[in-house]
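> Please find the sequence and the predicted model below.
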Amino acid sequence: MKSEYDLSQMQSRKNPYASKLKKPVTMRLSEDVIEYFKSMAKDSDIPY
């Protein structure tokens, strides 16, 4: 492997996966639903 690379000749291109990126959403859930998922996470040793 070279110690240095010349990236000045590199051409950029569009991300082919841009249309499949995740999009953040907001959901309103009741407290009992949240408690249910928190307990499931705790039982599975997965952080909530």
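That came in fine, so what should we check first? Note that the structure is predicted; figures quoted are calculated from it, not measured. Residues are numbered from 1 along each chain as shown.
> Which pLDDT value does the model give the spatially most central residue of the chain?
Closest to where the C-alpha atoms of the chain average out (CA atoms, centre = their mean) is Lys22, at 6.9 Å. As predicted, Lys22 sits at a pLDDT of 82.
> The one 3 residues further on now?
We have a pLDDT of 92 for Val25.
> now do Ala18
So, for Ala18, pLDDT stands at 82.
> That one: neighbouring residues, count only.
Residues lying near Ala18 (other CB atoms under 10 Å) number 7. Every C-beta, even on glycine, is put in place using the N, C-alpha and C of the backbone.
> Now for it: which residues touch it?
Not one residue lies near Ala18 by CB atoms under 8 Å, 6 or more residues apart in numbering.
> ok, now which ones touch Leu21?
Under the criterion of CB under 8 Å, 6+ apart, Leu21 has no neighbours.
> Report the separation between it and Asn15.
8 Å (CB to CB, to the nearest Å).
> Then Val33?
35 Å.
> These two: who's more crowded?
Counting neighbours by other CB under 10 Å for Val33 and for Asn15 shows that Val33 has the greater number, 11 against 8.
> Lys38: neighbour count?
When neighbours are defined as other CB under 10 Å, Lys38 has 11 of them.
> Next, the contact list for the closest residue to it other than its chain neighbours, please.
Excluding the flanking residues, the one nearest Lys38 by CB to CB, 6 or more residues apart in numbering is Tyr48, at 5.1 Å. Counting by CB under 8 Å, 6+ apart, Tyr48 makes contact with Phe37, Lys38, Ala41, Lys42.
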